[in-house]
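>>> Return a 3D structure for these sequence lines:
(one chain, ligands or ions: 1)
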Amino acid sequence: MTGPAPDTKGQPGISQAALFALCPRCGSQGLFAGLTRFAPRCKSCGLDYASFNVGDGPAAFLTMVIGALVVGLALWVQLAFEPPLWVHLVLWAPLIFGATIWGLRVSKAALLAAEFQRNAVEATGKDLRGDAATDTGQSGD
Ligand SMILES: [Zn+2]
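Prediction:
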């Protein structure tokens, strides 16, 4: 369900907000309080980040993408150079860690910005029964 569109004046786009961890309402920095944990609210405009439900979608997607990428690269390095095992540890452990943290931050920020721009809220039983259509001015007047 969507409500009225929020005022979009001066707001960053989804990609800009995601790449630079910007507040989707005012564009100030400080979206994250930890490596991948959102701050409770925006320090500039007070937007409550906890009210957005980003969920675990980015983590599952990143696991598959990064896993496939690293396995492919590790196979190529092994077949091309036949290095000792410690080379794989030195190469892939930091890459996996960095790509996962960076990917989680970007994807979580993108989902939060998309939810904010679309004014998305969780559907309720009322929405699923179709009662919402009668509440939106479709009374036939
Ligand atoms: Zn803000």
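>>> hey, let's count contacts and neighbours off CA atoms from now on
Noted.
>>> helix/strand/coil for residue 90?
For residue 90, the assignment made with DSSP: H, G, I helix; E, B strand; the rest coil gives helix.
>>> counting contacts, what elements does the strand or helix carrying residue 95 pack onto?
Assigned by DSSP states H and E, residue 95 belongs to helix 85-117. When contacts are defined as 3 or more C-alpha pairs under 8 Å, 6 or more residues apart in numbering; DSSP states H and E, helix 85-117 sits against helix 14-20, helix 57-81.
>>> need the contact list for the residue nearest the centre of the chain.
Computing the C-alpha centroid of the chain and ranking residues by C-alpha atoms, centre = their mean puts residue 108 first, at 1.8 Å. When contacts are counted by C-alpha atoms under 8 Å, 6 or more residues apart in numbering, residue 108 touches 18, 54, 58.
>>> so the first one sits right up against residue 103, yeah?
No: because the distance of 9.9 Å does not satisfy C-alpha atoms under 8 Å, residue 18 is recorded as not touching residue 103.
>>> Looking only at neighbour counts, state which of those two leads.
The neighbour comparison of residue 18 against residue 103 (other C-alpha atoms under 10 Å) goes to residue 18, with 24 against 21.
>>> And that one, what's its pLDDT?
On the pLDDT scale, residue 18 is placed at 93.
>>> Same question for residue 131.
At residue 131, pLDDT is 62.
>>> and what of the one 10 residues further on?
Predicted confidence (pLDDT) at residue 141: the value is 45.
>>> Quick check: what element follows the helix holding residue 95 along the chain?
helix 125-129.
>>> tell me what that next one is packed against?
Using 3+ C-alpha pairs under 8 Å, 6+ apart, helix 125-129 sits against no helix or strand.
>>> How about the residues of this structure by the ion?
23, 26, 42, 45 (C-alpha under 5 Å from the ion).
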